[in-house]
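>>> model this:
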Amino acid sequence: MAMNPQLFPNGMPVPFVNETFVLARDGVEFEIDKIPGSQGGKVKTSGTIYLSNVRMVFVAKKPVGNLFAFDMPLLYVHGEKFNQPIFHCNNIAGRVDPVVPENDHSALYSTQSFKILFKEGGCGTFIPLFFNLMASVRRYSQHVSAATQARSDPLQASQTPVDEMMRHAYVDPNDPTRIFLQQPNSESQLRRRTYHSSNTENQQ
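Numbers count the residues shown, from 1 in each chain. As a prediction, this is how the structure comes out:
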């Protein structure tokens, strides 16, 4: 995970090199724990979830304390589960491991629990795409991780092909999810290369 990733002025996350955004979903509520400076460490707010072949990014409608966005690399997400409670809205809950800077000790960081609640409309488009993408990302990264025996680079997931998945996605008329048939902000050549560098570059 990473707090407050770089965003374009319109709220869209600045993409990494080779990152492909799959969808955006408005009208969700997002809960996350262990946020420094927040009361009890928990934050609950509403906004938009962006899903790519690298990560999920929640972007808040309004900042809560010092949090305006939250980045969850797909390779670091685990224990994800789709919940359909009788008296509450459908949601995805899971845990995400921290992206530890190269020179820092992992003991300084801890796993966080998150929940994405679908407050407005259905989720028949979002849920299958999310779980299919998670399975694909893990499948494509497995052989690399096995060969290196090292912690997976979160950007390794960008090698996962998603075009076919997006073309054949089921579109639920009750689900306001927007599938990106063309990449948003495609006129911008700005790309990020690493999680922890604030440097961006214009890729030719």
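
>>> so how far is stretch 20-31 off the chain centroid?
Stretch 20-31 has its C-alpha centroid displaced from the chain centroid by 8 Å (CA atoms, centre = their mean, to the nearest Å).

>>> would you mark the buried spots in that stretch?
Judged by neighbour count (16 or more other CB atoms under 10 Å), stretch 20-31 contains these buried residues: Thr20, Phe21, Val22, Leu23, Ala24, Arg25, Asp26, Gly27, Val28, Glu29, Phe30, Glu31. All C-beta spots, glycine's among them, are computed from the backbone N, C-alpha and C.

>>> of those residues, closest to Ser38?
Taking CB to CB as the measure, Ser38 lies nearest Glu31 of these, at 11.2 Å.

>>> correct me if wrong: the closest one contacts Lys42.
Yes - Glu31 lies in contact with Lys42 (CB atoms under 8 Å); the separation is 6.8 Å.

>>> which parts of the chain are helices?
With DSSP state H applied, the chain shows helices at 126-148, 163-167, listed in chain order.

>>> okay, those, which one's buried deepest?
With neighbours taken as mean count of other CB atoms under 10 Å, the helices of the chain reach their highest mean count in helix 126-148, at a mean of 16.

>>> for that one, give the mean pLDDT please.
Averaging pLDDT along helix 126-148 gives 82.

>>> contacts for it, please.
Judged by CB atoms under 8 Å, 6 or more residues apart in numbering, the contacts made with helix 126-148 from elsewhere in the structure are 22-23, 25, 51, 53, 74-75, 77, 80, 82, 92, 118, 152, 156-157, 159-162, 165-166, 169-170, 175, 177, 179.

>>> now, the residues you listed that are in strands?
Among the contacts of helix 126-148, the members falling in strands (DSSP state E) are Val22, Leu23, Arg25, Leu51, Val77, Glu80, Phe82, Ile92, Phe118, Ile179.

>>> wait, the fourth one touches Val22, no?
The reference is to Leu51. Yes - assessed by CB under 8 Å, Leu51 is found in contact with Val22 at 4.9 Å.

>>> before we move on, back to that, distance to Pro36 added to the helices of the chain, as TSV?
Formatted as TSV, the entries for the helices of the chain read as follows, by distance: least, CB to CB, whole Å:
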stretch	distance to Pro36
helix 126-148	28
helix 163-167	36
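
>>> and of those, who's closest to Pro5?
The minimum distance between Pro5 and the helices of the chain falls on helix 126-148, with 18.0 Å, by CB to CB.

>>> and the ones in strands among the contacts of helix 126-148, which of them are buried?
With burial judged by 16+ other CB under 10 Å, the buried subset of those is Val22, Leu23, Arg25, Leu51, Val77, Glu80, Phe82, Ile92, Phe118, Ile179.
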